[in-house]
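Enquirer: Have a look; sequence and predicted model below, questions after that.
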Amino acid sequence: ALYCGIVGLPNVGKSTLFNALTRAKIAAENYPFCTIDPNVGVVPVPDLRIDKLAEIVKPERTLPTTIEFVDIAGLVAGASKGEGLGNKFLANIRETDAIAHVVRCFHDENVVHVAGKVDPISDIETINTELALADMASVERALLRVSKMAKSGSKDDVAKKSVLERVLKQLEAGEPARGLNLDADEKALIKDLCLMTIKPTMYIANVQDDGFDNNPLLDKVVALAAKENARVVPICAAIEAEIALLEENERKEFLDDLGLAEPGLNRVVRAGYELLDLATYFTAGVKEVRAWTIPVGASAPQAAGVIHSDFEKGFIRAEVISYQDFVTYKGEQGAKDAGKWRLEGKDYVVKDGDVVHFRFNV
Ligand code: GDP
């Protein structure tokens, strides 16, 4: 599975957000393969398309797909030098696939700020500096190793050395490695370093309940993120925590009162999903309508492998109807009659929203 790590300074609302995310508790028995770790939250991905498909298919049950968030507490200034269990926390961040960086944009006298005042830009810089310093140390070590080898000179070593030098220059200029926009081959050469500043990153601006508009602190975060080509998701973690505690019907009422169609948490989940470059396909049978997660660009056999490895090994063909066609023509038969049912082979790249039935040998 791919993980989105929640990072940020202490007291910015990480745990509040994480708890709200995981309180929507997905029945664990449906996900026997997930390890249950208190810092790892398996979070259902809200997707209205499931309900639409269910209206047509009328299955016994529906099942959303999930995304995993990891609560990485305890990052402080000096972490890259080992301050405050720094190495342990950095190691946890290295293992994630994307970063949700929570930034405090709310005022509350009762909540101590580690740096003494609410200043999201300075907070972001503090964290990003630690990540960059730690990355720099990794790159320097790798450069030493590869310099020795590059003398004898395999083609890969030479190429790796050149990528590492570019990354080092970038980091020394105070820019994250992701700003280099390395291509897939270049990334593969330095994948073993698990650089943190190369990971896709979004900022979660934790604002007051009335802090979504005319909020200079939020505006600053948005401006900084724009320069990095990063996304900002504004949210009020305290309210989300309250909403998450409510029963289904109370929740609807509460959201209606606030004039919201859905909890803000949904935006965090979707943004995380996009950050991880994931796509969803569906299986739609009378037993179950279910959403499945694949990396964007996955082939049909790879998509089949998400259901079961035997499906991938024994893959023959995929029967595919796009989501839109499935809805427009009210199901499989209608789509077939309209000529919208396709039989695809092993090179087919599964699209987000495809409704798929796999044919395979066992
Ligand atoms: P963490 O250290 O980043 O995990 O921060 P916590 O989630 O533990 O939050 C620290 C404190 O800030 C707690 O007392 C929270 O109740 C409070 N807090 C979190 N989010 C908000 C918010 O949106 N508004 C206000 N006023 N307080 C918040």
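Expert: Nice, thanks for sending it over.
Enquirer: For the helix or strand hosting Ala132, give the mean pLDDT please.
Expert: Ala132 belongs to helix 120-152 when assigned by DSSP states H and E. Over the span of helix 120-152, the pLDDT mean works out to 89.
Enquirer: Likewise for stretch 21-39?
Expert: On average, stretch 21-39 scores 55.
Enquirer: ok, the helix holding Ala132 near the ligand or not?
Expert: No: judged by C-beta under 6 Å from any ligand atom, helix 120-152 stays clear of the ligand, getting no closer than 10.8 Å. Just so you know, the C-beta spots here come from the backbone N, C-alpha and C atoms, and that holds for glycine as well.
Enquirer: Give the other helices and strands that that helix contacts.
Expert: Judged by 3 or more C-beta pairs under 8 Å, 6 or more residues apart in numbering; DSSP states H and E, helix 120-152 is in contact with helix 86-94, strand 98-105, helix 155-172, helix 216-228.
Enquirer: Going by mean pLDDT, which of these comes out lowest?
Expert: helix 86-94 (a mean of 82).
Enquirer: before we move on, back to that, looking at the helices and strands packed on helix 120-152, which is buried most?
Expert: strand 98-105 (a mean of 27; mean count of other C-beta atoms under 10 Å).
Enquirer: picking up where we left off before, what angle sits between the helix holding Ala132 and helix 155-172?
Expert: With axes from the mean of the first three to the mean of the last three C-alpha atoms, to 10 degrees applied, the angle from helix 120-152 to helix 155-172 works out at 150 degrees.
Enquirer: Let me know the angle separating helix 120-152 from helix 216-228.
Expert: For helix 120-152 against helix 216-228, the angle by the same axes, to 10 degrees is 20 degrees.
Enquirer: Report the buried residues of helix 120-152.
Expert: The neighbour-count check on helix 120-152 (16 or more other C-beta atoms under 10 Å) flags 120, 123-124, 126-128, 130-136, 138-139, 142-143, 146, 150 as buried.
Enquirer: the inter-axis angle of that helix versus strand 98-105?
Expert: If you take the same axes, to 10 degrees, helix 120-152 sits at 150 degrees to strand 98-105.
Enquirer: residues near Ile50, how many?
Expert: 22 (other C-beta atoms under 10 Å).
Enquirer: I'd guessed Ala137 sits against Asn87; true?
Expert: No: applying C-beta atoms under 8 Å as the test, Ala137 and Asn87 come out as separate, 10.8 Å apart.
Enquirer: if I look at the residue nearest the centre of the chain, how far off is Ala238?
Expert: Geometric centre of the chain, nearest residue: Gly272, 3.0 Å, by C-alpha atoms, centre = their mean. Note on Gly272: its distance to Ala238, by C-beta to C-beta, to the nearest Å, is 20 Å.
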